[in-house]
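>>> Please find the sequence and the predicted model below.
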Amino acid sequence: QKEVEQNSGPLSVPEGAIASLNCTYSDRGSQSFFWYRQYSGKSPELIMSIYSNGDKEDGRFTAQLNKASQYVSLLIRDSQPSDSATYLCAVNTGFQKLVFGTGTRLLVSP
Amino acid sequence: GAGVSQSPSNKVTEKGKDVELRCDPISGHTALYWYRQRLGQGLEFLIYFQGNSAPDKSGLPSDRFSAERTGESVSTLTIQRTQQEDSAVYLCASSRLAGVPETQYFGPGTRLLVL
C-alpha cells in the first residue's frame, strides 16, 4: 500500500463547477497535510496546508481533513481553466520529510 | 525576497558521465530537500539536510548518488556514472524550520537528460 494515494485522473469539470480532489494516507501518526499545484513543466507551488480536523478555507479553495478516516481533500469552487494542473497531496509523517502522492490531473473546460 | 534557485536549469549528458546539480535555498531556511520527478510521475524523496545534523539519505536510489551541504547554505547533488534511468527533473526545496509543520518552497528544478 502506498503511503499517500491519489486518483491520477484526469478529473474533468466544466468552468464554474466545483472540483473535488481526494487523498488518502496510511500513517495514522501524520501531523500535517499540504496541497501543491503543479503546472506542466513547472515546480510545485503550495496551495493549502491543514493541520486540524475540519475545513480550512482560502478564497476559492477549501481543504478538508478527517484524521479518523485518514483522508484529506481539496475543493476548488468556481473552477477556472487556469486551475487546470496536477494537484499533489503531501503528508508530513513527523519524520521531517513530506511524502507526496502521485498527483491528480485536473482539467477545467471553458 | 529571493526564492530557491537551482542550476543548471537543463543538463544533457552522456551515459557514464558525472553531473553536479546545485541548489541555493531561501536565506535563513535551515532545512533543504532534494526530490526527483520522472516524467508524469510524482515526487520521489532523495535526501534531507537540517542545519549541521547528519543528513537523511534514506531516499538515495544507489551509491552513485550523493549530496553535500555546508551549514545552511548551498547544496550540491552529484550523480556519478549517469544512467539513462537517471533522466528526470531534480527539484530542491527548503523550509524555515524542520521538525514542525513547515512549508517547503520549491526551486524551478534541473531537467537532466542522459543520452
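It's in. Because the structure is a prediction, the values reported are computed rather than measured.
>>> who does the helix or strand bottoming out on mean pLDDT in chain A pair up with?
Taking mean pLDDT, DSSP states H and E as the measure, the helix or strand of chain A with the lowest value is strand A:98-100, at a mean of 88. The partner list of strand A:98-100 in its sheet, established with DSSP bridges, is strand A:85-92 (antiparallel).
>>> Check the offset of the strand it pairs with from the chain's centre.
Mean C-alpha position of strand A:85-92 versus that of the full chain (CA atoms, centre = their mean, to the nearest Å) differs by 5 Å.
>>> Show me what that strand is in contact with.
Contacts with strand A:85-92, where a contact means CB atoms under 8 Å, 6 or more residues apart in numbering or on different chains, come from A:3-4, A:6, A:21, A:23, A:25, A:27, A:30-40, A:44, A:47, A:72, A:74, A:98-101, A:103-106, B:42-43, B:101. C-betas here are computed from N, CA, C, even on glycine.
>>> 7 Å - rerun?
Under the criterion CB atoms under 7 Å, 6 or more residues apart in numbering or on different chains, residues A:4, A:6, A:21, A:23, A:25, A:30-39, A:44, A:72, A:74, A:98-101, A:103-106, B:42-43, B:101 lie in contact with strand A:85-92.
>>> Need the CA coordinates for it. PDB is fine.
Presented in PDB, the C-alpha positions along strand A:85-92 are these (Å, rounded to 0.1, in the frame of the first residue of the first chain):
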ATOM      1  CA  ALA A  85      -2.900  21.500 -13.400                       C
ATOM      2  CA  THR A  86      -1.800  18.500 -11.400                       C
ATOM      3  CA  TYR A  87      -2.600  18.700  -7.700                       C
ATOM      4  CA  LEU A  88      -0.200  16.900  -5.400                       C
ATOM      5  CA  CYS A  89      -1.200  15.800  -1.900                       C
ATOM      6  CA  ALA A  90       1.700  15.800   0.600                       C
ATOM      7  CA  VAL A  91       1.800  14.400   4.100                       C
ATOM      8  CA  ASN A  92       4.300  15.100   6.900                       C
END
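>>> Identify the residues contacting A:Asp55.
So A:Asp55 contacts A:62, A:64 (CB under 7 Å, 6+ apart).
>>> ditto for B:Leu60
B:46-47.
>>> What of A:Ala63?
Per CB under 7 Å, 6+ apart, neighbours of A:Ala63: A:35, A:48, A:50, A:56, A:72, A:74.
>>> now do 8 Å
A:33, A:35, A:48-50, A:55-56, A:72-75.
>>> All set now, cheers.
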